[in-house]
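# Just a sequence and a predicted model for now, questions to come.
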Amino acid sequence: MLKKKFRLKKKYEFQYLYKKGVRLHSASVTLLCAQNKHHTSKFGFVVSKKIGNSVVRNAIKRKLRACIDIFLPNIKSECNCMFIAKDTITQKDFSSLCLEIKGLLQKAGIWYE
RNA sequence: AGAGUUGGUUGGAUGGUUGCGCAACGCCUUGUGCGUUGUGAGGAAAGUCCGAGCAUCACAGAGCAGGGUGCUUGCUAACGGCAAGCGUGGGUAACCAUAGGAAGAGGGCAACAGAAAUAAACCGCCUAAGCCUUACGGCCGGCAAGGAUGGAAAUGUGCGGUAAGAGCGCACACGGAAGCAUGGUGACAUGUUUCUGCUGUAAACUCCACCCGAUGCAAGAUGUGGAAUCGUUAUAACGCUGCUCGCCAGAUUCCCCCAAUCGCUAGAGCGUUAUGGCAACAUAACGUCGAGAUAGAUAACCAUCUUCAAUGACAGAACUCGGCUUACAGGCCAACUCAAAAC
RNA sequence: GCGAGGGUGGCGGAAUGGCAGACGCGCAAGCUUGAGGUGCUUGUAGGAAAAAUUCCUGUGUGGGUUCAAGUCCCAUCUCUCGCA
């Protein structure tokens, strides 16, 4: 699970990403990312009310956080990333979601082996 | 064994590994740190439909308007909740449903159909009295028994009565109102006497009785720099309520900042036992402390046990309680009803 | 968390408790034209029956009040909006 220091918290951070972030899409997730001035990368997760009730939404957020926790050593620092879930995400299981996010990070150019 | 009714209960347990929130303690490299220990969602946490606490708003106040409730007695901090009853309706029954005061305070509405819709005469029935006519019959009239309709046509049956008829009279039945008696705390029930035959609608307005000040933790408290406008002994700008009164000397807007800290969890709390009560519930004693986040923590995997099964339902605290309503895989328990084979 | 408003033909959108679907758009058929457009007329909720026509179901869903409910009351589902 991802610790709090790696998470996006403030509203202005989210607003900045919505305005300036680079958008990349996959089947069930949208990634927005941009450079930041800190030493660490930060991650935010957005799941809208349309996707399901609170139990479903919390479960999706947990899965996404677990995913990033696994990939954290392979991700470049100094980058803010936001993941927006689409409604198709409810049919995905954990392993295929991980592959999808790995592909997105590679597309964004912030992945290194 | 079948069909069914009602109520209650449960919503896995233990251990391990990897993680997350909060609290306490410890460490040193003093911070977006590490370690140890403890603790960490529900029966509905949900819907936000009611009722309270708490907070702010003249001094929390008055009147009007507006809103709510509506059989009785009790319970409760309070309630539109609950319990026990009453009346009415449904069901073979167990049982279920029930916003159930007033239409004699007042107006309003009742489409279409029908002669007529809250009072009547289209068809119909009748020529006894009066007038005309030799007579048949007609005029003047009388009647509301029968008849298309409709949710509703003014109580039903029989006898008398009559020209024809009619609660016009009588008997019985069915209501309604008032009085009295008995039982019950009461709603009401039973009996009886007198009068009486009145359309429905208040979940439309209304009347009657009772209740309600407004806003909600995005309440509010602490802290915080600058600018502008309005007001300052008055008919009070602004605010308290929609309006009127009454009260208040500071108020409003914009920019900046933190989305800071507090509020934030020991409470009408929970469990057991005893006593009182048909019950809801109350009282006493003993024990107990069980989340407090703020982009928002509870998860994943494994093993063992209980189990038909546990991989499985509905579903995630956001100031806190009491209810109501709705969603829900499966399991368990209790009480009762109907039909009837067989014994 | 707190609060407010809506749901009616294929679409938008009316309707005082009284024959549900005004009106507009769209669609279909006919007339007009050499042909098309425009214009005019008629029809158009769904289902069943060969047709005239008849029957049944229809205002998000389920109950209730009423003779009668899109309308009044209760519960519920869903959509939209506001409040720092």
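That came in fine, so what should we check first?
# Quick one: name the residues of chain A near RNA strand B.
Counting by Cβ under 7 Å from any atom of the strand, chain A comes close to RNA strand B at A:1-5, A:7-11, A:14, A:38, A:40, A:44-46, A:53-55, A:58-59, A:61-62, A:69. C-beta here means a position set from N, CA and C on the backbone, and glycine is covered the same way.
# Drop anything exposed from those residues.
Buried residues within the residues of chain A next to RNA strand B, counting neighbours by 16 or more other Cβ atoms under 10 Å: A:2, A:8, A:14, A:44, A:45, A:46.
# Spell out the secondary structure type for the residue nearest the centre of chain A.
Central residue of chain A (Cα atoms, centre = their mean): residue A:83, 3.3 Å from the mean position. Residue A:83 carries the three-state label strand when classified by DSSP: H, G, I helix; E, B strand; the rest coil.
# Now do the helices in chain A.
A:11-20, A:54-71, A:94-108 (DSSP state H).
# ok, residue A:73 - how many residues close by?
Neighbours of residue A:73 under the rule other Cβ atoms under 10 Å: 7.
# Please name the nearest non-neighbouring residue to residue A:70.
Nearest-residue entry for residue A:70: residue A:98, 6.9 Å, with adjacent residues in sequence omitted and distances by Cβ to Cβ, 6 or more residues apart in numbering.
# Could you report the pLDDT at the one you found?
At residue A:98, the predicted lDDT confidence score is 86.
# and it, how many neighbours?
By other Cβ under 10 Å, 18 other residues sit near residue A:98.
# Would you check that it makes contact with residue A:67?
Yes. Counting by Cβ atoms under 8 Å, residue A:67 is a contact partner of residue A:98 at 5.1 Å.
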